[in-house]
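*Asks:* Kindly generate the corresponding structure for this input.
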Amino acid sequence: MWNVLLARAREKGITSILVCISSQNEPSQTLHKKNGFLECGRFLNMGRKFGLEDFDVVWMQRMI
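*Replies:* A predicted model of the protein is given here:
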């Protein structure tokens, strides 16, 4: 899956891929880190899940 995505992005001249993930979604952050993404930004206290716990929005980037 990743190889196809990266190949198509390169064909279109794209040089980086950005994703935004809830700080509470640790499995997604781990998956992206394993695939070469690095945290490049974080918006603090962007939301509240079920009215109980604040969460950040984490931006991750992979250069291709």
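*Asks:* Stretch 7-22: which residues count as buried?
*Replies:* Going by neighbour count (16 or more other C-beta atoms under 10 Å), the buried part of stretch 7-22 is 17, 21. Every C-beta, even on glycine, is put in place using the N, C-alpha and C of the backbone.
*Asks:* what's that stretch in contact with?
*Replies:* Applying C-beta atoms under 8 Å, 6 or more residues apart in numbering, the set of residues contacting stretch 7-22 from outside is 5-6, 28-29, 32, 37, 40, 47, 49, 55-64.
*Asks:* Among those, name the ones in strands.
*Replies:* Those of those mapping onto strands are 40, 47, 49, 55-63, per DSSP state E.
*Asks:* which one of those sits closest to Gln24?
*Replies:* Phe55 (4.9 Å; C-beta to C-beta).
*Asks:* Could you give the backbone dihedrals for Asn35?
*Replies:* phi -110, psi 20 (degrees, to the nearest 10).
*Asks:* okay, which residue is most central for the chain?
*Replies:* Val19 (3.1 Å; C-alpha atoms, centre = their mean).
*Asks:* ok, so what distance separates it from Arg10?
*Replies:* Val19 sits 17 Å away from Arg10, going by C-beta to C-beta, to the nearest Å.
*Asks:* Show me what the helix or strand hosting Arg42 is in contact with.
*Replies:* Using DSSP states H and E, Arg42 sits within strand 38-49. Outside strand 38-49, the residues within contact range by C-beta under 8 Å, 6+ apart are 18, 22-24, 29, 54-62.
*Asks:* Apply 10 Å and report the result again.
*Replies:* Applying C-beta atoms under 10 Å, 6 or more residues apart in numbering, the contact partners of strand 38-49 are 16, 18-24, 29, 32-33, 53-63.
*Asks:* buried subset of the residues you listed?
*Replies:* Buried among those by 16+ other C-beta under 10 Å: 21, 23, 29, 32, 55-56, 58-60, 62.
*Asks:* what two of those are the furthest from one another?
*Replies:* Within the buried ones among the contacts of strand 38-49, Phe55 and Arg62 form the most distant pair, 22.4 Å apart (C-beta to C-beta).
*Asks:* least confident pick among the ones in strands among the contacts of stretch 7-22?
*Replies:* Ranked by pLDDT, the ones in strands among the contacts of stretch 7-22 bottom out at Lys49 (79).
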